[in-house]
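Asker: Need coordinates for the below:
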Amino acid sequence: MINKIPNHLHRYIVEQNYDNYTQIDQACWRFIMKISLVFFKDNADKTYLKGLQKTGITIDKIPKINNINKALSKLGWGAVCVRGFIPPQAFMEFQSLKIMPIAADMRSHKNLTYTPSPDIVHEAAGHLPIIVNKNYSKYLGEYGQIAIKALISKEDMNLYYAIRNLSDIKEDSSATRYMIKKYEKQLISAYNKITFVSESALLARMNWWTVEYGLIGDKNKTKIFGAGLLSSIGESENSLKSKVKKIPLNLNCIKYKYDITEQQPQLFVTPSYKHLSKYLKKLSKKMSYKRGGVYGIKNAYKSNTLCTIEFESNLAISGIVENYVTHNNKVIFIKLTGPSQISFKNKQLNGHGADYHSHGYSTPLGNIIKYKKPLNKLNPKQLNELNIKKNKVIKLFFEKNICVFGKIIKIIKKKSQIILITFKDCYVKKNKDTLFKPEWGHFDMIFGGNITSVYNGPSDRKQYYKIINNSINERKYIIYNKTKKISDPKLELYFKKLNKLKERAYEKEEIKLLYNNFIKNKFNDWLFKYEILELLKDEEDLWIKKIYKDLEKKSLINNDIGRAIKRGLELI
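Answerer: Presented below is the predicted three-dimensional model:
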C-alpha cells in the first residue's frame with residue numbers, strides 16, 4: 001500500500017520519533033483514552049470499540065504508526081506519519097489512495113480536551129475506529145477520489161496557511177498572547193478575503209459535517225462517528241445535549257460554514273453510512289470535473305490555481321487559467337499561466353512538460369470557419385485542404401476572428417489521428433490583438449474539441465512534480481524529528497519519576513515522598529495528582545484522600561477540563 005505513494009507526496013511523510021513523546025504526553029493520552037472508552041462505549045457508533053482493536057490503537061500508551069499501518073493493511077488501508085496540517089489536497093490525495101495521514105504531534109497538556117491542530121489523538125483515535133465499517137470505508141475512499149478533483153481556490157490556500165499557522169502557535173508552549181492575537185487577526189483577514197465558495201470548500205464542508213462531526217441514527221437517538229467528536233472529550237459530551245441542534249443529513253449541509261476554533265452549534269445526523277455515499281454522489285454531479293465546458297472554465301478562472309482541462313480528444317492541458325474566450329456557450333480560446341503541461345490519456349506528451357511550457361500555454365479551440373467544426377472533428381480530406389503538413393506555411397481562421405499563421409515544423413499523432421501541431425515563426429491574433437508572437441518561441445496547438453472535464457491539479461502528477469517543486473511553503477514538514485521542547489521540564493521530571501516507580505515494585509511511601517516534594521516545590525498539576533490517585537485508589541491515607549478532594553473541587557468548575565476530571569474520578 002505504502003509503495004504506491006507518488007514521489008510528490010513523500011515530502012509530507014516524516015518518521016515518528018517515538019522518543020520525542022514526553023511522559024506528560026503519555027499521561028495525556030492515557031487519560032483521554034481512559035475516559036473516552038467508557039463514554040464512547042455508550043455514545044459512539046457500535047463500530048468504535050471494535051475499531052480501536054482492529055486498527056492498532058493502544059490504550060495505555062501513544063500508538064506507533066508503523067503498527068497502525070500493519071493493522072490497517074488487513075482492512076485494505078495504510079497509514080503514514082505526517083506533521084500537523086498538511087495541505088488539504090495532499091491529505092485527500094493520500095485518502096484517495098486509501099492511506100490515512102496521521103499527525104505525529106501530541107496535543108499539549110493545556111489543550112487536553114480539544115486542540116484545533118491535528119494530533120495523534122484526532123488522527124488515530126478519532127479517524128480510524130469507524131474505518132472498520134465497510135460502508136464507511138467505502139465512503140472515505142470515494143470522498144478522497146472526488147475531493148482531489150475539486151477545484152481549490154487561491155483564497156482557500158491562503159485560509160489554509162492562516163489556520164495552520166494559528167493552530168501551530170496555539171500548540172507552542174513559548175507563544176505569547178500577543179503572538180496568538182497576531183495570528184488570530186491573520187485568520188480573520190483570510191476569512192474576510194473569501195469572495196466565493198469553491199468546490200473544495202463545499203467538499204470540505206461535507207467532510208466537516210460527516211467525517212469530522214458526523215452523528216448517526218436519528219435526531220432523537222444519535223451516536224457519534226465523527227473524528228472531531230471522537231477525539232474531543234469536551235465537545236463529544238456537549239454534542240449530545242439538546243442545545244446543539246440535530247439536523248437530518250442532506251445536501252444542504254454544504255450551505256453551513258464552520259469554525260474550527262469553536263464548538264459546533266448544529267450537527268448533522270445520517271441514518272446510515274450508505275447515505276453518505278448517496279449525498280456525495282449528488283454533490284459530485286455539480287462539480288466541474290463532471291460538467292466541464294464553460295461552467296468548468298469559469299470555476300477554474302475564479303479559483304486561480306493549478307488545474308487540468310480535459311478534452312473529448314483525450315488531450316489535457318494543465319496550468320492556471322489566466323484568460324479564456326467563449327462563443328455560443330463554448331470555450332474557443334484558453335490561455336494558461338505558470339508552468340503548464342500537455343498530456344494524452346493522463347500521460348505527459350514527450351517534450352511538453354512544465355519545464356518546456358514554463359511560462360504558460362495557450363491554444364484556440366473553436367470551429368474552423370470554413371468547415372464549422374473544431375480541428376479534431378475534421379476528416380483527412382479537410383485536413384489536406386487546409387494544407388496541414390510538415391514544413392508548410394498555413395493560415396487557420398477560427399471563430400471570433402482568431403487566426404493562427406505560421407510554419408508547421410512538427411505533427412504529433414496518436415493512432416493516425418493528429419493531436420498536436422507545432423509552428424515556428426507563428427502569430428496568433430484576435431482582431432487587432434496579438435495573442436502569440438514568433439519571438440516567444442514555437443507555438444503548439446492542440447486538436448482538443450469540447451471540454452469534458454476541469455479538475456484540480458496536473459493531469460500527469462508524477463511528471464509535473466518531477467519538474468515543479470511546490471514545497472516552498474512546506475519546508476517545516478521535514479523537521480518533525482527535532483528534539484521536542486518540553487514546556488515545563490521540572491513538571492516533566494515528576495512524571496518521569498512517577499513512571500519509573502510504576503515500572504517496578506514500588507512502595508506507597510516512595511510515592512508519598514515524591515508527592516510531598518511535588519507540593520513543597522509548589523506544583524499543583526491535576527493530571528499528576530490523577531496519576532497518583534489511579535495507583536493508590538484503594539488506599540485510605542489522609543494525603544491520598546486530600547488529592548481526591550482537590551480533584552473533586554476542580555471537577556466542579558463548569559468547563560471542559562472540570563467535566564473531564566469529573567468523568568475521570570467516576571472511574572476510580
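Asker: which residues are contacting stretch 217-231?
Answerer: 36, 40, 43-48, 121-123, 125-127, 129-130, 136, 208, 210-216, 235-236, 239-240, 246-248, 267, 269, 271 (Cβ atoms under 8 Å, 6 or more residues apart in numbering). C-beta coordinates here come from the backbone N, C-alpha and C atoms, glycine included.
Asker: Show me how this protein divides into domains.
Answerer: Using automatic domain parsing, the domain parsing of the chain gives 2-153+196-282, 291-467, 489-569.
Asker: Quick check: mean pLDDT of the longest one?
Answerer: What it means is domain 2-153+196-282. The average pLDDT for domain 2-153+196-282 rounds to 93.
Asker: for the last one, same thing?
Answerer: What domain 489-569 shows for mean pLDDT is 94.
Asker: just how off-centre is it within its chain?
Answerer: Between the centre of domain 489-569 and the centre of its chain there are 39 Å (Cα atoms, centre = their mean, to the nearest Å).
Asker: Now the terminal residues of that domain, how far apart.
Answerer: Domain 489-569 stretches 27 Å from its first residue to its last (Cα to Cα, to the nearest Å).
Asker: Test my guess that residue 497 contacts residue 514.
Answerer: Yes. Assessed by Cβ atoms under 8 Å, residue 497 is found in contact with residue 514 at 5.7 Å.
Asker: Quick one, grab the pLDDT at residue 480.
Answerer: pLDDT, residue 480: 44.
Asker: Nearest the geometric middle of this structure, what residue?
Answerer: In the chain, the centroid-proximal residue (Cα atoms, centre = their mean) is residue 88; its distance is 2.8 Å.
Asker: Return the distance of that one relative to residue 207.
Answerer: Distance, residue 88 to residue 207, by Cβ to Cβ, to the nearest Å: 9 Å.
Asker: can you list residues touching both of the two?
Answerer: Counting by Cβ under 8 Å, 6+ apart, the residues touching both residue 88 and residue 207 are residue 147.
Asker: Identify whichever of the domains of the chain lies nearest to residue 169.
Answerer: Judged by Cβ to Cβ, the one of these that comes nearest to residue 169 is domain 2-153+196-282, at 9.4 Å.
Asker: quick one on the thing from earlier: state the distance from the residue nearest to the centre of the chain to residue 345.
Answerer: 27 Å.
Asker: Repeat that for residue 93.
Answerer: For residue 93, the distance to residue 345 - Cβ to Cβ - is 20 Å.
Asker: Tell me which of these two has more neighbours.
Answerer: Between residue 93 and residue 345, counted using other Cβ atoms under 10 Å, the more crowded position is residue 93 (25 against 11).
Asker: Please look at that one and residue 146 and confirm they touch.
Answerer: No. Taking contacts as Cβ under 8 Å, residue 93 lies outside contact range of residue 146: 11.9 Å.
Asker: which residues of the stretch 151-300 of the chain fall in strands?
Answerer: Remark: strands assigned in the stretch 151-300 of the chain by DSSP state E, counting those that start in this stretch are 215-218, 221-224, 245-248, 266-270.
Asker: In CSV: the ones you listed, plus mean neighbour count and distance to residue 197.
Answerer: Formatted as CSV, the strands of the stretch 151-300 of the chain follow (neighbours: other Cβ atoms under 10 Å; distance: least, Cβ to Cβ, whole Å):
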stretch, mean neighbour count, distance to residue 197
strand 215-218, 20, 24
strand 221-224, 18, 27
strand 245-248, 14, 19
strand 266-270, 21, 18
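Asker: among those strands, which is nearest residue 70?
Answerer: Among the strands of the stretch 151-300 of the chain, strand 221-224 sits nearest to residue 70 (Cβ to Cβ), with 26.8 Å.
Asker: what about residue 281, how many neighbours?
Answerer: Using other Cβ under 10 Å, residue 281 is surrounded by 11 other residues.
Asker: contacting residues around it?
Answerer: Per Cβ under 8 Å, 6+ apart, neighbours of residue 281: none.
Asker: For residue 559, give its distance to residue 114.
Answerer: 11 Å.
Asker: same thing with residue 197?
Answerer: Distance from residue 197 to residue 114, by Cβ to Cβ: 26 Å.
Asker: Confirm for me that residue 343 is in contact with residue 462.
Answerer: No. The pair residue 343 / residue 462 is not scored as a contact, 10.9 Å apart, by Cβ under 8 Å.
Asker: Which one's more surrounded, these two?
Answerer: The residue with more neighbours, out of residue 343 and residue 462, is residue 343; 22 against 13, by other Cβ under 10 Å.
Asker: how would you label the more buried one: helix, strand or coil?
Answerer: Assigned state for residue 343: strand (three-state reduction, DSSP: H, G, I helix; E, B strand; the rest coil).
Asker: how far away is the closest residue to it other than its chain neighbours from residue 236?
Answerer: In space, and not counting its chain neighbours, residue 343 is closest to residue 459: 3.9 Å by Cβ to Cβ, 6 or more residues apart in numbering. Residue 459 sits 42 Å away from residue 236, taking Cβ to Cβ as the criterion.
Asker: for residue 534, same thing?
Answerer: Remark: distance between residue 534 and residue 236 (Cβ to Cβ) = 22 Å.
Asker: These two: which has the busier surroundings?
Answerer: The neighbour count for residue 534 versus residue 236, taken as other Cβ under 10 Å, is higher for residue 236 (23 against 16).
Asker: Verify the stated contact: that one with residue 43.
Answerer: Yes. Using Cβ under 8 Å, residue 236 makes contact with residue 43 at a distance of 7.2 Å.
Asker: can you give me the helices in the stretch 251-400 of the chain?
Answerer: Along the stretch 251-400 of the chain, the segments classed as helices by DSSP state H, counting those that start in this stretch run 273-284, 288-291, 293-303, 380-385.
Asker: what's the answer for the stretch 451-572 of the chain, then?
Answerer: Going by DSSP H, counting those that start in this stretch, the stretch 451-572 of the chain shows helices at 461-467, 489-502, 508-520, 526-535, 542-555, 560-569.
Asker: which SSE is residue 429 in?
Answerer: Residue 429 belongs to strand 417-430 when assigned by DSSP states H and E.
Asker: nope, residue 75 is what I was after
Answerer: Using DSSP H and E, no helix or strand contains residue 75.
Asker: what about it, distance to residue 54?
Answerer: For residue 75, the distance to residue 54 equals 7 Å [Cβ to Cβ].
Asker: Now for the two: what residues contact both?
Answerer: In contact with both residue 75 and residue 54: residue 132, using Cβ under 8 Å, 6+ apart.
Asker: Narrow the contacts of stretch 217-231 to those that are buried.
Answerer: 36, 40, 43-45, 47-48, 121-123, 125-127, 129-130, 136, 208, 210-216, 235-236, 239-240, 246, 267, 269 (16 or more other Cβ atoms under 10 Å).
Asker: Now do the buried residues in the strand holding residue 429.
Answerer: For strand 417-430, the neighbour count (16+ other Cβ under 10 Å) marks 418-423, 426-428, 430 as buried.
Asker: Over to stretch 254-270?
Answerer: In stretch 254-270, counting by 16+ other Cβ under 10 Å, buried: 254, 256, 258, 264, 267-270.
Asker: for the residues you listed, which one is nearest residue 455?
Answerer: The nearest one, if we look at the buried residues of stretch 254-270 relative to residue 455 and count by Cβ to Cβ, is residue 254, at 18.3 Å.
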